[in-house]
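Novice: Model the following, please.
(2 chains)
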Amino acid sequence: MKARAALVALLVAAAPVGAHEAPARAPAPLAPALPAPGSYELPTIARVPDASVLDDTGTPAPLLDLAPGQVAVVSFVYTHCADGGGCPLALATLQRLDRAVAADPELRGRVRLVTVSFDPARDTPAVMRGLRERLRPAGDWRFRTAADAASIAPVLAAFGQDALPLVDARGRETGVLRHLLKVFLVDARGRVRNIYSADFLSAELLAVDARTVLLESRSAAARVAP
Amino acid sequence: MPRFPILALCTPLALLLALAAGPARADETCQSPYLPKIVGQEDFLYVWTLGAEGVGDGSDKLVTVSVNPARPDFGKVIDSVSVGGRHEAHHGGFTDDRRQLWLGGLDSSEIFVFDVASDPAKPKLVKRISDFVEKSGGVVGPHTHYPLPGRMLISALSNRDGSGRTALVEYSNQGEHVRTTWMPADAEYGYDVRVNANLNRMLTSSFTGRTNYMRPLPELIGDAEAMKRFGNTVVVWDAHTRKPLQTLAVPGAPLEIRWALQPGHHYAFTTAALTSRLWGIFRKDDGSFEAVDLAPIGDPAKTPLPVDISLSADDRFLFVSTFMDGTVRVFDVSDPRKPRVVHEQPIGKQVNMVSQSWDGKRVYFTSSLLSQWDKTGDDDEQFLRGYAWDGKALAPRFAIDFKAEGLGRPHIMNFGSEAFYQGRVAAAEVDE
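Specialist: I've put the predicted structure just below:
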């Protein structure tokens, strides 16, 4: 319950997240200006296959399901996470991204958010539905889980997402899953184009990276056009 | 608030919050901040060790040393894995999940990937990356292995022609080449790379190419032309786009770079090996950076050769090891623009790497610099030595003679922990 309370508190507060946005004493802002979309490269880091998971009604559904000209921002979380710098931070940032995408005609319908639980035993489809209701997506934000830990394991392995149950001195599970917060930008061909941890995670940067990848498909389309 | 015993949390932001909230706690201070931190006492040191002719099997190896006094094997070598052959073992680092330790060979350009998660007391060689030169487009000499989310950023020293023109090379954690970013034309040498994500800035330093670093040191020093072929620059990069922004003049081969660790401390330190000077790289009010010559290290006329530095987690003490006089000097860098030496202590006849625990209480040293640059005869001591630091002096805790043990020339050290990989809760507790 405490974890949920912490999560909700963080989301409701809508305070700036991330050390990036701490007030700067120096005249120049600490976080330098964002690069122009398409002015830099995001090479392929890895390839991930699409996978069958469960949507928040318990129905089998593809994880990515991307059409050409779309990208996905895939995040792995668990709702019992009490680390303010972990899942709550990611969800608060993704909520800002969701709002920004929904309000942008160029990104709306082209950037999909996919939030997946790596704790399917506790994060049932109903719990993920509850998470959706709390976050109130403005755009295409999908919430996924799996039937059990074994079903989600290959997805975690493909993305390189760790999640280790912590035990206490007597070997009893604490309910805490130690994980390195990671968010993945995946293009329509299943190529991972960037990976963000807490320090690299900002809604603005995610949007610029998404635009950079989307610009490629546009220029490719322009090349084949008569 | 109830207290939940948990391991130090994995996110750098959590770390920053912890730092802001109270005393620093975690482990070694010179790693990427994007690495999971281990609270408290480390169990193991993983020592990447050069093979030496006539010492044991003569091959490069990963040596695991027990360094937890609570263990019955404290201060002993508990495992050694030979990789076969001599590759000029040098530096290495963990992947961002701390499950793998990547170790590079400066001569062969091979990278050896060890699984340290399955059994942290017995690292297992699981992969050899042998396509570094080919896939990178001719880059040679993988040096710093710096974890970024899901990938390894590797700064190199050289290229196929043996000169110092080199690049930054990225590999995915799965071992696939991602990209190569050549150093800018006005600063073609490479050595270390360190990222500050909050500032979106990356710093690189500059050493020399393979023809120099694989040449016997006395011969090299006597070659005036060859001695001109060392780097004199630190480059400031946009970390996100990997684009160079500024080339700073730092004469005399600036080597290791350490960003300050405390929030609001927007500076880094480096040492110039050939000129024996301590430099600061400071962020200016306009967001650009300046390099400032801060202080001599020992007597530069005697070429002490500063080779490694270690900054305490509270940004107070900077340990500087100098190879030629085998000495460590501790600078108080509380005022980063006015460092002062507060302690000086001989460690051995030669000394290279220095690493400290996050709490600053334990400091470790190794002896080897490069196979062709290490001293000869009786001066060629090869050791790992562990010390306790009380803020004033270093007291010996244990020492291992790497020649007598038939191991070789010990170089970089990385910290390991059993509790971390087993999901056991470590000693520290934190408020949630």
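
Novice: out of everything not next to it in sequence, what's closest to the spatially most central residue of chain A?
Specialist: Among the residues of chain A, the one closest to the centroid is residue A:75, at 2.8 Å (C-alpha atoms, centre = their mean). Once flanking residues are discounted, residue A:75 sits nearest to residue A:183: 4.6 Å by C-beta to C-beta, 6 or more residues apart in numbering or on different chains. Any C-beta I mention is one placed from the backbone N, CA and C, and that applies to glycine too.

Novice: now residue A:191
Specialist: The nearest residue in space to residue A:191 (C-beta to C-beta, 6+ apart) is residue A:44, at 4.4 Å.

Novice: what's near enough to touch the one you found?
Specialist: Neighbour list for residue A:44: A:191, A:192, A:193, B:178 [criterion: C-beta atoms under 8 Å, 6 or more residues apart in numbering or on different chains].

Novice: what pLDDT does the closest residue to the last one other than its chain neighbours get?
Specialist: Right, the one you point to is residue B:178. Nearest residue to residue B:178, sequence neighbours excluded (C-beta to C-beta, 6+ apart): residue B:170, at 4.1 Å. At residue B:170, the model reports a pLDDT of 98.

Novice: could you list every residue that touches residue B:170?
Specialist: Counted by C-beta under 8 Å, 6+ apart, residue B:170 has contacts A:43, B:148, B:151, B:152, B:153, B:154, B:177, B:178, B:179, B:180, B:181.

Novice: Spell out the secondary structure type for residue A:94.
Specialist: At residue A:94 the chain is in helix, as set by DSSP: H, G, I helix; E, B strand; the rest coil.

Novice: number of nearby residues for it?
Specialist: 23 (other C-beta atoms under 10 Å in any protein chain shown).

Novice: swap in the one 3 residues further on?
Specialist: By other C-beta under 10 Å, 26 other residues sit near residue A:97.

Novice: which element is it on?
Specialist: In the assignment (DSSP states H and E), residue A:97 maps to helix A:87-102.

Novice: Output the contacting helices and strands for that helix.
Specialist: With contacts taken as 3 or more C-beta pairs under 8 Å, 6 or more residues apart in numbering or on different chains; DSSP states H and E, helix A:87-102 sits against helix A:2-13, strand A:71-77, strand A:111-117, helix A:125-135, helix A:203-224.

Novice: Just put the ones you listed in CSV and tack on mean pLDDT.
Specialist: As requested, these are exported to CSV (pLDDT from 0 to 100):
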stretch, mean pLDDT
helix A:2-13, 34
strand A:71-77, 97
strand A:111-117, 98
helix A:125-135, 97
helix A:203-224, 86
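
Novice: For the chain, give me the ranges with low pLDDT.
Specialist: Picked chain A for this. Along chain A, the parts satisfying pLDDT under 70 run over A:1-27, A:220-226.

Novice: Wait, chain B was what I had in mind.
Specialist: Checking chain B against pLDDT under 70 turns up B:1-34, B:37-39, B:425-432.

Novice: Just give the number of residues close to the closest residue to residue B:165 other than its chain neighbours.
Specialist: In space, and not counting its chain neighbours, residue B:165 is closest to residue B:188: 4.2 Å by C-beta to C-beta, 6+ apart. Using other C-beta under 10 Å, residue B:188 has 19 other residues around it.

Novice: sec struct for residue B:188, please.
Specialist: Secondary structure assignment for residue B:188 (three-state DSSP): coil.

Novice: That one reaches residue B:161, doesn't it?
Specialist: No - with contact defined as C-beta atoms under 8 Å, residue B:188 does not count as touching residue B:161 (11.8 Å).

Novice: who touches the residue nearest to residue A:32 when sequence neighbours are not counted in this structure?
Specialist: Excluding the flanking residues, the one nearest residue A:32 by C-beta to C-beta, 6+ apart is residue B:200, at 5.3 Å. Residue B:200 sits next to A:31, A:32, B:238, B:239, B:240 when contact means C-beta under 8 Å, 6+ apart.

Novice: ok, now how distant is residue B:200 from residue B:236?
Specialist: 11 Å (C-beta to C-beta, to the nearest Å).

Novice: follow-up on the earlier one: and the residue nearest to residue B:178, that one's in a strand?
Specialist: Yes - the assignment for residue B:170 (three-state DSSP) places it in a strand.

Novice: Kindly state the beta-bridge partners for it.
Specialist: According to DSSP bridges, the partner residues bridging residue B:170 are residue B:153, residue B:179.

Novice: I'd like the distance between it and residue B:143.
Specialist: Distance from residue B:170 to residue B:143, counting by C-beta to C-beta: 14 Å.

Novice: what touches both of the two?
Specialist: residue B:154.

Novice: in the stretch 301-432 of chain B, which spans are helices?
Specialist: B:418-422 (DSSP state H, counting those that start in this stretch).

Novice: Strands of that one, start to end?
Specialist: Counting by DSSP state E, counting those that start in this stretch, the stretch 301-432 of chain B has strands at residues B:306-311, B:317-322, B:327-332, B:340-346, B:354-356, B:362-366, B:383-389, B:394-401, B:409-416, B:430-431.

Novice: Would you mind listing the outside residues contacting the second one?
Specialist: Where contact means C-beta under 8 Å, 6+ apart, the residues beyond strand B:317-322 that reach it are B:258, B:269, B:271, B:276, B:278, B:297-298, B:304-312, B:327-333, B:339, B:342, B:347, B:351-354, B:356, B:360, B:363, B:365, B:389, B:391.

Novice: partners of it in the sheet?
Specialist: If you go by DSSP bridges, strand B:317-322 pairs up with strand B:306-311 (antiparallel), strand B:327-332 (antiparallel).

Novice: With only the CA atoms kept, save the first one in PDB.
Specialist: Included here for strand B:306-311 are C-alpha records, laid out as PDB according to Å, rounded to 0.1, in the frame of the first residue of the first chain:
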ATOM      1  CA  PRO B 306      51.000  10.300 -12.200                       C
ATOM      2  CA  VAL B 307      49.100   7.400 -13.600                       C
ATOM      3  CA  ASP B 308      45.800   6.900 -11.600                       C
ATOM      4  CA  ILE B 309      43.500   9.000  -9.500                       C
ATOM      5  CA  SER B 310      40.700   8.100  -7.100                       C
ATOM      6  CA  LEU B 311      38.200  10.700  -5.800                       C
END
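
Novice: ok so, going back, the residue nearest to residue B:165 and chain A: what is the separation?
Specialist: To chain A, residue B:188 is 21 Å away according to C-beta to the nearest C-beta, to the nearest Å.
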